[in-house]
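*Asks:* Provided below for reference: sequence and predicted model.
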Amino acid sequence: MKQINLPVEGMTCASCVTRVEKIIGGFEGVNNVSVNLATEHVTFELEHDNINLDSIAKAVEDYGYKLKLNSDTQKDFKQAIHVNPLPEKDEYYDQIKKDFFLALILTLPVFIVSMLIDYSFFQNMWSFSADTTHKILLILTTPIIFISGKRFYKIFWINLKHFSFEMNSLVAIGTGAAYGYSVIATLFPELVSFHRELPHVYFETAGVIITLILMGKLLEHGAKQKTNSAIKKLIELRPKTANVLINNKETVVNISDLKVGNIVVIKPGEKIPTDGIIIRGSSSVDESMITGESLPVEKIIYSKVIGGTINKNGSFNFKVTGIGDNTVLAQIIRLVEQAQSSKPPIQKLVDKISSVFVPVVIIIALITFLVWIFIGGHNSFSQALVNFVAVLIIACPCALGLATPTAIIVGSGLGASNGILIRNGESLELAQNISTIIFDKTGTITEGKPFVSEIVVNNISEDELIYLSASLESKSEHPLALAIVEKAKSKNISLLQPESFQNLSGFGLTGMVNNRSVIIGSLNLMSEYSIKTNAMNEHYDKLIENGKTIVFVGVDGELKGLISIEDKLKVTSAEAIKELHKMKIKTVMLTGDNSKTSKLIADKVGITDFRSEVLPNEKADYVKEYQTKGEVVAMVGDGINDSPALAQADVGIAIGTGTDVAIETAQITLVQGNLLAVVKAINLSRQTIKTIKQNLFWAFIYNTVLIPLAAIGMLNPMIGAFAMSLSSVSVVSNSLRLKRAKI
């Protein structure tokens with residue numbers, strides 16, 4: 001399916017989110033619609049290319065929202081970075097600021113006069129009669145309602161035609177009732193008063209509510225923009241130009257004009273414009289903005305460099321290997337965008353509540369009005385109107401819609417800055433509940449850069465053994481194979497293309513090299529081909545005791561040698577396992593190594609539960625085994641051989657390679673190979689979900705406590721408007737606290 005991500009304008013609360021999702025989801029061939037109020041974007045999947053997006057946009061517009069189609073709409077979400085969530089010109093902010101200041105200027109005199117008109121000292125200063133005063137208030141309040149507050153009434157009218165309601169409906173009904181009654185009381189007082197005195201008017205209520213809500217929207221919008229800063233910082237990592245060697249001369253070109261194969265010159269202090277491989281020179285590079293690692297990384301010839309990172313003190317030339325959307329930075333931005341557009345399961349409860357929230361509030365407000373009409377006594381209508389407005393205003397569900405997405409946005413941005421890429425909200429929520437983590441050994445607990453440490457031969461020269469072994473291993477991508485090939489290179493041994501080759505996954509290789517039958521692999525593979533190993537048992541036992549990985553080499557049906565291979569532990573592996581144990585998380589290691597070597601490695605890092613001689617296709621079965629015990633299982637692997645296990649796990653955590661971070665089978669990708677990032681990922685999940693729960697608590701507490709107070713007449717509508725605005729701002733501000741969290 002093609003995934004589409006588009007901006008949506010006009011949404012104000014959780015009810016808007018539910019409505020837009022229903023509108024778009026109602027089209028045939030459109031699936032998995034998800035609207036994010038904080039980013040004001042919608043993502044959905046199309047079953048085929050024949051679906052008319054213009055029709056979808058028209059349907060959305062009929063409900064008062066605007067789906068912004070652009071030239072990048074038809075591009076697959078996985079192939080294009082098409083959204084800058086922080087545009088240079090913010091038209092929404094500029095317009096709402098104008099409306100707010102107009103409302104503020106007019107509301108201040110309305111509020112002051114209305115509050116002081118009953119005091120004798122003010123009456124002595126104020127030379128207008130009560131009737132004239134009401135008309136002055138009417139003149140001042142009308143622009144507030146029909147200019148500053150126009151947005152609320154316009155959307156309310158559109159929604160009314162569809163018999164649907166949301167936050168704008170509550171504001172429009174509440175302020176419209178207060179203003180409408182006051183207009184009648186001012187122009188036709190005899191219609192609403194059965195006494196000689198003039199009826200009370202509520203222009204200040206309508207004006208102050210509009211002003212406070214606009215103020216809240218301004219503060220909320222500014223805070224929401226701050227939550228999006230992670231994407232902006234990532235986008236800004238890319239320099240605008242690059243120094244390219246053309247005919248041996250340096251030429252400054254725009255980054256968009258770079259092509260694969262170009263030679264780029266990097267000088268001290270410059271940003272690296274795109275991905276590539278160093279072909280000349282050396283330096284240290286600050287990759288902290290990509291990997292989260294604070295220490296610079298030494299780079300020499302053939303080292304890979306990542307676009308957006310910063311060169312320190314050396315200079316070098318590199319050949320461009322990736323441009324545009326095919327760079328590490330682009331992949332990271334896509335993953336962060338995907339995470340920020342997704343919804344965790346906890347949001348489903350909010351969506352269900354939001355779908356019925358506004359209609360229920362309107363019913364409560366109407367009941368409140370009717371009850372006060374009957375029990376209010378002399379001022380029953382006035383009291384009923386005030387309480388009716390108060391219930392409507394305090395109940396606006398803005399905070400509910402912002403509680404979850406703002407935390408997800410900040411949390412995923414914090415993760416990206418630490419080299420932790422979260423694919424979606426579901427995995428971010430689930431990671432907090434991980435009870436067991438299964439680790440692959442090679443490349444996860446160890447460096448993944450094995451090397452040949454010792455060679456034992458039997459009736460063959462060492463060089464010939466390496467020549468035959470490396471020639472066959474050159475067809476394999478296994479880390480042990482690469483170690484043997486590297487050994488041949490270091491000895492300047494020329495390799496030969498094997499005449500035949502067969503990979504026996506988990507066991508080894510067989511084939512023909514220079515008309516000789518070569519079998520390389522485990523002890524079990526030797527037994528399978530009836531190759532006797534007795535002559536080298538003593539050497540084998542000695543190497544195994546030292547924790548080495550042993551590769552047997554059989555040539556023409558006889559054992560000709562043993563190749564001992566080592567792989568250093570990552571310096572942080574033991575510390576990471578220790579931290580996970582402190583968090584009461586069980587750890588398991590899976591490896592294809594023999595039991596003695598496996599135990600030695602497990603003991604060094606502090607893992608007591610390990611499985612040795614595990615075939616690649618068996619790893620997923622071990623994940624299932626722990627899941628059947630009721631464990632929430634995470635699998636940590638390199639994302640290639642471990643793909644089935646990563647997919648089977650509740651949370652798949654892939655170790656990124658630095659150039660291929662978007663590993664499809666993993667829910668979480670660690671750009672750096674540091675296992676402490678696993679600890680950070682779990683802490684990030686726990687803190688993000690904690691923040692979401694805090695946000696939902698505050699969003700619900702405003703309504704559950706203040707709606708009853710408004711209904712029984714203990715809450716002034718203006719205070720309600722302030723509290724409602726404060727609830728949204730407090731929720732977003734609480735999410736922003738995550739930026740300073742230590743994970």
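*Replies:* Sure, I can see it. Numbers count the residues shown, from 1 in each chain.

*Asks:* From here on, just use CA atoms for contacts and neighbour counts.
*Replies:* OK.

*Asks:* So what touches the helix or strand encompassing N734?
*Replies:* For N734, the element it lies in under DSSP states H and E is helix 717-736. By Cα atoms under 8 Å, 6 or more residues apart in numbering, the surrounding residues in contact with helix 717-736 are 205, 208-209, 212-213, 215-217, 219-220, 223-224, 226-227, 386-387, 389-391, 393-396, 398-399, 402-403, 406-407, 410, 691-692, 695, 698-699, 702, 706, 710.

*Asks:* So which of those belong to strands?
*Replies:* The strands, defined by DSSP state E, take in nothing from the contacts of helix 717-736.

*Asks:* Next secondary structure after the helix or strand bottoming out on mean pLDDT in the chain?
*Replies:* The weakest-scoring helix or strand in the chain, judged by mean pLDDT, DSSP states H and E, is helix 229-236 (a mean of 74). Downstream of helix 229-236, the next assigned helix or strand under DSSP H and E is strand 241-246.

*Asks:* so how far is the helix or strand following that next one off the chain centroid?
*Replies:* As assigned by DSSP H and E, the chain's next helix or strand after strand 241-246 is strand 249-254. In terms of Cα atoms, centre = their mean, to the nearest Å, the centre of strand 249-254 is found 36 Å from the chain centre.

*Asks:* Strand 249-254 - contacts with which helices or strands?
*Replies:* strand 241-246 (3 or more Cα pairs under 8 Å, 6 or more residues apart in numbering; DSSP states H and E).

*Asks:* ok, and what's touching stretch 297-310?
*Replies:* 237-239, 269-290, 327-329, 658-659.

*Asks:* could you flag which of those residues are buried?
*Replies:* Buried members of these, scored by 16 or more other Cα atoms under 10 Å, are 237-239, 270-279, 282-290, 327-329, 658-659.

*Asks:* Who are the packing partners of the least confident helix or strand of the chain?
*Replies:* helix 328-341, helix 398-417.

*Asks:* if you set the cut-off to 10 Å instead, what comes out?
*Replies:* helix 288-291, helix 328-341, helix 398-417 (3 or more Cα pairs under 10 Å, 6 or more residues apart in numbering; DSSP states H and E).

*Asks:* Past the shortest one, which element shows up next along the chain?
*Replies:* Just to be clear, that refers to helix 288-291. strand 297-299.

*Asks:* Show the average pLDDT along that next one.
*Replies:* Per-region confidence: strand 297-299 scores 89 on mean pLDDT.

*Asks:* Flag every buried residue along it.
*Replies:* Applying 16+ other Cα under 10 Å to strand 297-299 flags 297, 299 as buried.

*Asks:* what are the pairing partners of it, and which direction each?
*Replies:* With DSSP bridges as the test, strand 297-299 is paired with strand 275-286 (antiparallel).

*Asks:* Quick check: mean pLDDT of the partner strand?
*Replies:* Strand 275-286 comes out at a mean pLDDT of 93.

*Asks:* what's the answer for stretch 372-386, then?
*Replies:* 85.

*Asks:* end to end, how far does it reach?
*Replies:* 10 Å (Cα to Cα, to the nearest Å).

*Asks:* One more: stretch 506-515?
*Replies:* For stretch 506-515, the end-to-end distance is 25 Å (Cα to Cα).

*Asks:* list the buried ones in it?
*Replies:* 506-513.

*Asks:* where does this structure have low pLDDT?
*Replies:* When residues are selected by pLDDT under 70, those of the chain lie in 1, 70-89, 193-197, 228, 230, 294, 397, 639-641, 657-665.

*Asks:* Which parts of it belong to which domain?
*Replies:* Per automatic domain parsing, the structural domains of the chain span 2-67, 239-273+275-322, 422-445+571-685, 451-566.

*Asks:* Among those domains, show me which one is buried the most.
*Replies:* domain 422-445+571-685 (a mean of 21; mean count of other Cα atoms under 10 Å).

*Asks:* how many degrees apart are the helix or strand harbouring S15 and helix 398-417 in direction?
*Replies:* Assigned by DSSP H and E, S15 falls within helix 14-25. Counting by axes from the mean of the first three to the mean of the last three Cα atoms, to 10 degrees, helix 14-25 lies at 70 degrees to helix 398-417.
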